[in-house]
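> sequence-free structure coming up:
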């Protein structure tokens with residue numbers, strides 16, 4: 001990392017800090033990039049935990065976090081952490097208390113039974129779902145709905161774990177009567193199918209760590225054609241971020257052998273419900289038809 005701002009010009013709030021991290025991310029070392037991703041994905045944890053606890057969760061030595069903060073112009077990590085604490089303190093009323101209560105419940109859990117694992121997953125998913133209310137903006141939801149509503153065809157792209165999200169989107173969009181095409185990796189034709197997309201269509205891409213190469217390359221290629229792109233990913237530093245017209249960053253947490261899809265699924269459904277309200281001209285009770293419905 002080089003050419004960082006001097007101490008008297010360091011970011012003074014969380015949003016400014018995140019913009020700086022985005023600007024510098026590509027020039028950072030691998031260690032600093034990993035720290036950047038952790039900070040952007042886990043702002044609440046960064047606000048309430050010590051640098052040693054944060055470093056342990058990230059798998060990087062605490063001294064690297066201190067040097068990272070100093071490279072950005074701060075005297076130490078504590079000064080950088082203050083911005084995260086201010087962000088949490090100014091969140092929606094009661095949000096900070098909910099975060100702390102959930103953290104306390106997880107830290108004190110002793111039940112290692114099958115039911116205990118269920119309880120653990122539910123508590124963490126509740127935290128992720130509540131996070132959507134804090135992190136997802138009305139403006140982005142409106143823009144995403146506009147893109148889907150105006151598109152002649154919605155192309156859906158997602159592989160690995162993200163395939164479950166785009167399969168759900170294909171089902172609900174089809175039942176809503178919206179023309180959509182799944183860029184299926186099967187047969188090796190996804191890239192070739194994507195080349196039929198034009199500016200009257202839209203791409204809805206979903207990808208999480210470790211990002212599927214074909215998903216990233218297709219998204220970048222489609223962006224060069226000025227096709228509107230909606231993306232759901234796990235970080236504002238995701239490789240999809242530069243290509244997306246609307247990016248929904250839904251942080252993931254490595255708390256089990258398999259990261260949960262509860263929040264991305266909920267977000268995807270909410271976007272399609274908003275679309276249904278437009279298509280059906282019914283904001284009161286939009287409905288997604290079902291195969292067996294009458």
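On my side now, so go ahead. Everything numeric in this text was worked out from a predicted model, so none of it was measured.

> Which element is encountered next along the chain beyond the helix or strand of the chain with the lowest mean pLDDT?
The least trusted helix or strand in the chain, going by mean pLDDT, DSSP states H and E, turns out to be helix 95-107, with a mean of 55. Using DSSP states H and E, the next helix or strand after helix 95-107 towards the C-terminus is helix 114-135.

> got the buried residues for that following helix?
120, 123, 124, 125, 127, 128, 129, 130, 131, 132, 135 (16 or more other Cβ atoms under 10 Å). (Each C-beta comes from the backbone N, C-alpha and C, glycine too.)

> Return the member of these nearest to residue 176.
Minimum distance to residue 176 across the buried residues of helix 114-135 is 21.8 Å, recorded for residue 132 (Cβ to Cβ).

> Would you confirm that the closest one contacts residue 250?
Yes - assessed by Cβ atoms under 8 Å, residue 132 is found in contact with residue 250 at 7.0 Å.

> Show me the shaky parts of this structure.
Within the chain, the stretches with pLDDT under 70 are 1-8, 91-111, 252-258, 291-294.

> Tell me which stretches of it form strands.
For the chain, the strands defined by DSSP state E cover 154-158, 180-182, 202-206, 229-233, 246-249.

> Any idea which of the ones you listed gets closest to residue 165?
The nearest among those, by Cβ to Cβ, is strand 202-206 at 4.7 Å.

> so what strands line up beside the closest one?
strand 154-158 (parallel), strand 229-233 (parallel) (DSSP bridges).

> okay, those in JSON lines with mean neighbour count and distance to residue 219 next?
Listed next are the strands paired with strand 202-206 as JSON lines, based on neighbours: other Cβ atoms under 10 Å; distance: least, Cβ to Cβ, whole Å:
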{"stretch": "strand 154-158", "mean neighbour count": "26", "distance to residue 219": "7"}
{"stretch": "strand 229-233", "mean neighbour count": "26", "distance to residue 219": "6"}
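
> and residue 34, which of those is closest to it?
Nearest to residue 34, of all the strands paired with strand 202-206, is strand 229-233, at 16.5 Å by Cβ to Cβ.

> Tell me how many other residues crowd residue 235.
Per other Cβ atoms under 10 Å, the neighbour tally for residue 235 reads 22.

> list the contacts for it?
Going by Cβ atoms under 8 Å, 6 or more residues apart in numbering, residue 235 touches 37, 40, 41, 241, 249, 251.

> Okay then, goodbye and thanks.
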